[in-house]
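A.B. asks: Here you go, sequence then predicted model.
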Amino acid sequence: MKQEPLIYPVRLNRYLAHKGLATRRGADELIEKKLVTINGTVAKLGDKINEKDVVIVAPSVLASISKQYRYIAYHKPCGVSTDVQPGSQSISSELPALRGLFPLGRLDKASHGLIILTNDGRLTERLLHPSHHHEKEYLVRVDKPITDSFIRHLEHGILIEGYKTKQAKARRSGETIFYITIVEGKKHQIRRMCTAEGYQVKDLNRVRVMNIKLGTLKEGAYRSIEKDELSTFLKNIGL
């Protein structure tokens, strides 16, 4: 379900719930315990805030919340599904140590690259809804030499089955290799964009989601997302 934007002034408990820091009732409990300030003043039940007000929740509360969640960067190999499919390998079957975490979005079975795994349900709509325009970057190899017009078409949008893709960023990396950054995630979008231009994708590797980079992570390996990398990610996603 899409989260409705806040309309200011807004009750403090609703604001805290919108930020994923507590339920409204839980937010009231934080306020009653004097664990929330507004512009340096201890908040009271029923307080409302404006958009430019500075709301601070006690560090002890934030630390407790962060311990509840896990954020993992995983290099999904080709042949592994992001969802559970009968008779095929899936992330949950390949990584039993990470059961209880779910993938944010999909990466088709024939592709490989970065998948973010988490148990933080607050992220799903904030990351995946197309209205948020969060960047995802891919390294793609196709079956024949890339032309300037192909790169331009990728950037300006390509008509696929009656839908024109949003503007993207694209750049050559080799004779048949290019990087592309998109802000939407239609099913098999990049493969379909290439097909529409007469190219076939030979390899598709997702190398970045927002500020989270695949880097040198080997296929099948994973690492924790933490510290400044996690702080930046959560801030950019609105948490």
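C.D. replies: Structure's in. What do you need? None of these values were measured; they are calculated from a predicted model.
A.B. asks: Scan the helices and strands of the chain for the one with the lowest mean pLDDT.
C.D. replies: helix 91-94 (a mean of 74; mean pLDDT, DSSP states H and E).
A.B. asks: Alpha carbons only: can I get that one in PDB?
C.D. replies: Provided in PDB are the C-alpha atoms of helix 91-94 (Å, rounded to 0.1, in the frame of the first residue of the first chain):
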ATOM      1  CA  ILE A  91      17.600 -17.100  -2.200                       C
ATOM      2  CA  SER A  92      15.900 -18.600   0.800                       C
ATOM      3  CA  SER A  93      17.100 -22.100  -0.100                       C
ATOM      4  CA  GLU A  94      20.700 -20.900  -0.900                       C
END
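A.B. asks: Contacts for it, please.
C.D. replies: The contact list for helix 91-94 (Cβ atoms under 8 Å, 6 or more residues apart in numbering) reads Tyr74, Lys76, Val80, Ser81, Thr82, Val84, Leu98, Arg99, Pro103, Ile115, Leu117, Gly220. The way it works is simple: take the backbone N, C-alpha and C, and place the C-beta from them, glycine included.
A.B. asks: Then stretch 209-228?
C.D. replies: By Cβ under 8 Å, 6+ apart, stretch 209-228 touches 70-78, 94-95, 98, 104, 112-114, 116-117, 127, 134-137, 205-208, 229, 232-233, 236-237.
A.B. asks: Any idea how far apart the tips of that stretch sit?
C.D. replies: 15 Å (Cα to Cα, to the nearest Å).
A.B. asks: And the helices in the chain?
C.D. replies: 12-18, 24-32, 59-68, 91-94, 123-128, 148-156, 189-196, 227-237 (DSSP state H).
A.B. asks: and the second one, what does it pack onto?
C.D. replies: Translated: helix 24-32. Taking 3 or more Cβ pairs under 8 Å, 6 or more residues apart in numbering; DSSP states H and E as contact, the helices and strands that helix 24-32 lies on are helix 12-18.
A.B. asks: Now do the helix it packs on, average pLDDT.
C.D. replies: Across helix 12-18, pLDDT averages out at 88.
A.B. asks: Could you check how far Gly105 is from Pro9?
C.D. replies: According to Cβ to Cβ, to the nearest Å, Gly105 stands 34 Å off from Pro9.
A.B. asks: more crowded one of the two?
C.D. replies: Gly105 (16 against 13; other Cβ atoms under 10 Å).
A.B. asks: my guess is that one meets Leu127, correct?
C.D. replies: Yes: because the distance of 7.0 Å satisfies Cβ atoms under 8 Å, Gly105 is recorded as touching Leu127.
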